[in-house]
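**Q** the amino acid sequence is not available; the structure is as follows:
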């Protein structure tokens, strides 16, 4: 079975995998942490917070947006980004189920 055969998995499994993949780079974690810190919709400030070039930051923002972790609204000539609460609920629900299962049943 090839790694790209996503049709063999449920919609939820594919969704969680896409979200997890987006979390798989430290720059994206830094972006998420910055958005949580400022707790508001921000536009150009993200580039000033990271030791990366603007095109690189834009690419990471694109990956986070494609995964649904952040959302962006166009405001004039810029895009305002914030964390999408819906995807946080999906993540919270998924990991809460894991924690609940592991807490109840000691495997090893």
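**A** Structure's in. What do you need? Keep in mind the model is a prediction, meaning the values are calculated, not measured.
**Q** which ones are touching residue 50?
**A** 27, 30-31, 34, 57 (CB atoms under 8 Å, 6 or more residues apart in numbering). From N, CA and C alone the C-beta is placed, and that goes for glycine too.
**Q** distance of it from residue 32?
**A** Plainly put, residue 50 is 12 Å away from residue 32 if you go by CB to CB, to the nearest Å.
**Q** likewise for residue 49?
**A** Distance, residue 49 to residue 32, by CB to CB: 12 Å.
**Q** picking up where we left off before, export the contacts of residue 50 to JSON lines and tack on neighbour count and distance to residue 7?
**A** Below are the contacts of residue 50 laid out as JSON lines (neighbours: other CB atoms under 10 Å; distance: CB to CB, whole Å):
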{"residue": "27", "neighbour count": "17", "distance to residue 7": "30"}
{"residue": "30", "neighbour count": "17", "distance to residue 7": "33"}
{"residue": "31", "neighbour count": "24", "distance to residue 7": "30"}
{"residue": "34", "neighbour count": "16", "distance to residue 7": "36"}
{"residue": "57", "neighbour count": "19", "distance to residue 7": "33"}
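**Q** in helices only, show me those residues.
**A** 27, 30-31, 34, 57 (DSSP state H).
**Q** using TSV, lay out those together with pLDDT and distance to residue 12.
**A** Shown next, in TSV, are the ones in helices among the contacts of residue 50 (pLDDT from 0 to 100; distance: CB to CB, whole Å):
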residue	pLDDT	distance to residue 12
27	96	27
30	95	27
31	94	25
34	92	28
57	91	30
